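Enquirer: coords please:
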Amino acid sequence: MIPNKNPATNNIITPETKVILFFKLKLLLIILFVAGFLFGINAKTEKDVSQDIEYLGLFTQVYKIVKDYYVEPVESKKLIQGSLKGMLSSLDPFSTYFPPDECKEFTTETHGEFGGLGIEIMMENHKLIVVSPIEDTPAWKAGIKSGDIILEIDGKAVEKMTLMQAVKLMRGKPGTKVTLTIWRKGVEKPFKITITRAIIKIKSVKTKELENGTIGYIRLTQFQENSAEDFENALEKFKDKKGIIIDLRNNPGGLLTTAIAIADMLLPEGKMIVYTKGRTPRSNEEFYSESPPVIPEDLPVVLIVNKGSASASEILTGALRDNNRALAVGDKTYGKASVQTLIPLSDGSCLKLTTAHYYTPSGKLIMWKGITPDIVVHMTEEEERARLKAERDAKLKGKTQDIKDPQLDAAINAIKILNFAKESF
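Expert: From the prediction side, this is the model:
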């Protein structure tokens with residue numbers, strides 16, 4: 001039946017017209033609600049609100065076209081969740097949307113033990129990149145390196161996966177195996193590594209004595225809840241040495257509170273450690289040292305860093321360098337120092353959203369730029385690979401052996417020079 005085209009008498013509403021009217025009404029309500037929310041919360045200008053409405057209208061237009069004309073029927077849930085993931089991934093590599101099941105998985109990861117490999121990873125431009133393998137974990141023992149790109153997990157391409165989907169595939173029952181296909185700079189072709197999953201329990205603070213017991217060496221692999229107490233014990237043990245070396249290489253970070261606590265142990269009272277800047281008042285914070293240092297203020301301290309040193313490692317490095325408390329030796333750090341806030345949503349999903357950036361006491365932004373050491377000692381991919389392999393082999397065999405490590409050698413020399421300068425003046 002064709003509707004009457006006379007405006008005065010056209011009272012016929014077809015089913016198609018009902019659908020269109022319903023869609024338009026629903027769209028109008030959504031736009032009015034969201035625009036009102038944006039205007040009320042963010043005090044947007046009339047022009048800003050107009051642009052928001054325009055783009056929200058474009059979104060719903062595309063949504064309707066896909067629902068009506070895509071070659072196969074598509075669930076609304078899939079479309080909305082996909083658009084949210086795309087929205088967050090367009091911001092930076094660390095902001096993510098988690099559907100309910102992935103949100104639950106993520107909170108399990110941050111609060112409990114799990115069977116895994118022991119690597120810090122990030123998704124950037126659809127590439128799954130290893131920030132750093134964690135020392136003494138299956139990934140570290142298997143030879144995974146910072147900067148490796150994971151192409152496949154058990155034969156499944158990761159290009160179209162979310163970060164949490166990839167994490168979920170790599171996790172599993174301890175004792176089971178997973179095969180990763182790796183692309184590594186300097187290696188001609190991608191290669192496979194099979195790793196056996198294990199419960200990830202990490203001893204984050206390790207110590208030894210160097211130079212016939214005159215220098216204390218502290219290896220900090222992660223900033224965990226118990227790291228501060230263990231680190232303080234190490235400082236107490238070494239406070240009568242001629243210097244202390246803190247090795248932060250391949251330390252992917254961890255808890256901000258732990259990084260602040262450790263910096264507090266090394267700095268005089270009242271010194272700025274780090275500050276954050278974001279768009280809201282809650283995102284703008286300053287952190288200062290509050291206690292007397294554990295070790296003498298004139299005891300030389302040298303940090304060793306490399307491209308696997310990220311986040312909390314960079315915060316500690318920036319705090320000690322900017323306050324002239326330590327020298328840094330090694331390679332430029334990773335450049336990941338931002339605050340991610342986990343925001344729960346009504347359906348059990350959540351956002352991991354970057355809400356602030358960290359700045360060193362002198363005002364330097366760490367994000368993307370990283371920290372260039374005072375003494376740059378570059379190690380090639382081959383040299384770094386040989387060093388890590390020698391360390392793994394020595395540890396696995398329970399033997400001590402000479403390991404070629406120009407960055408550690410430079411740190412030892414720096415301690416000696418600082419002591420010479422202290423004695424001379």
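Enquirer: dump the residue contacts of residue 181.
Expert: 150, 151, 152, 153, 155, 190, 191, 192 (Cβ atoms under 8 Å, 6 or more residues apart in numbering). For glycine as for every other residue, the C-beta is placed from the backbone atoms N, C-alpha and C.
Enquirer: and residue 202, how many neighbours?
Expert: The number of residues packed near residue 202 is 16, by other Cβ atoms under 10 Å.
Enquirer: right, I mislabeled it, should have said residue 215
Expert: 22.
Enquirer: Excluding covalently adjacent residues, which one is nearest to it?
Expert: Nearest residue to residue 215, sequence neighbours excluded (Cβ to Cβ, 6 or more residues apart in numbering): residue 243, at 5.1 Å.
Enquirer: okay, how far is it across stretch 84-102, tip to tip?
Expert: Terminal residues of stretch 84-102 are spaced 14 Å apart (Cα to Cα, to the nearest Å).
Enquirer: quick one: it to chain centroid distance?
Expert: Per Cα atoms, centre = their mean, to the nearest Å, the displacement of stretch 84-102 from the mean C-alpha position of its chain is 14 Å.
Enquirer: and the residue nearest to residue 215, how many neighbours?
Expert: The burial count for residue 243: 23, using other Cβ under 10 Å.
Enquirer: Next one: the residue lying closest to residue 264 once chain neighbours are set aside, what pLDDT does it get?
Expert: Nearest non-adjacent residue to residue 264, counting by Cβ to Cβ, 6+ apart: residue 289, 4.5 Å away. You'll see residue 289 listed with a pLDDT of 98.
Enquirer: what does residue 107 give?
Expert: pLDDT recorded at residue 107 is 70.
Enquirer: residues near it, how many?
Expert: Residues near residue 107, counting by other Cβ under 10 Å: 14.
Enquirer: Tell me what the closest residue to it other than its chain neighbours is bridged to.
Expert: Nearest non-adjacent residue to residue 107, counting by Cβ to Cβ, 6+ apart: residue 342, 7.6 Å away. Taking DSSP bridges, one obtains residue 352 as the residues bridged to residue 342.
Enquirer: ok so, going back, double-check the residue nearest to residue 264 against residue 263; I have them as touching.
Expert: Yes - Residue 289 is within contact range of residue 263, at 6.6 Å (criterion: Cβ atoms under 8 Å).
Enquirer: Are there residues contacting both of the two? Which ones?
Expert: Counting by Cβ under 8 Å, 6+ apart, the residues touching both residue 289 and residue 263 are residue 273.
Enquirer: of the two, who's got more company?
Expert: More crowded of residue 289 and residue 263, by other Cβ under 10 Å: residue 263, with 25 against 22.
Enquirer: low pLDDT regions in the stretch 51-200 of the chain?
Expert: Along the stretch 51-200 of the chain, segments meeting pLDDT under 70 span 108-114.
Enquirer: Where do the strands of it begin and end?
Expert: Ranges of strands within the stretch 51-200 of the chain are 96-98, 115-116, 119-124, 127-133, 149-153, 156-157, 177-183, 191-196, 198-199, based on DSSP state E, counting those that start in this stretch.
Enquirer: Generate CSV for these, with distance to residue 83 as supplementary columns.
Expert: Output for the strands of the stretch 51-200 of the chain, formatted as CSV (distance: least, Cβ to Cβ, whole Å):
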stretch, distance to residue 83
strand 96-98, 9
strand 115-116, 30
strand 119-124, 17
strand 127-133, 21
strand 149-153, 25
strand 156-157, 22
strand 177-183, 30
strand 191-196, 34
strand 198-199, 37
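Enquirer: Deepest-packed of these, please.
Expert: Stretch with highest mean neighbour count among those: strand 96-98 (a mean of 25; mean count of other Cβ atoms under 10 Å).
Enquirer: Adjacent strands (with direction) for that strand?
Expert: Sheet pairing of strand 96-98 (DSSP bridges) gives strand 350-359 (antiparallel).
Enquirer: which residues are in contact with the strand it pairs with?
Expert: Under the contact criterion Cβ under 8 Å, 6+ apart, strand 350-359 has outside partners 88, 91-92, 94-98, 103, 106, 274-280, 283-285, 314-315, 318, 337-345, 365-367.
Enquirer: try stretch 366-386
Expert: With contact meaning Cβ under 8 Å, 6+ apart, stretch 366-386 is reached by 143, 145, 184-186, 303, 305-307, 314-315, 317-318, 321, 327-338, 357-360, 364, 387, 404, 406-407, 410, 414.
Enquirer: how near is the residue nearest to residue 107 to residue 255?
Expert: Plainly put, residue 342 is 14 Å away from residue 255 if you go by Cβ to Cβ, to the nearest Å.
Enquirer: Which helix or strand contains residue 265?
Expert: Using DSSP states H and E, residue 265 sits in helix 256-266.
Enquirer: name the helices or strands packed onto whatever helix or strand comes next after that helix?
Expert: Where DSSP H and E defines the elements, the next helix or strand beyond helix 256-266 is strand 272-278. Using 3 or more Cβ pairs under 8 Å, 6 or more residues apart in numbering; DSSP states H and E, the elements in contact with strand 272-278 are helix 256-266, strand 285-288, helix 312-322, strand 350-359.
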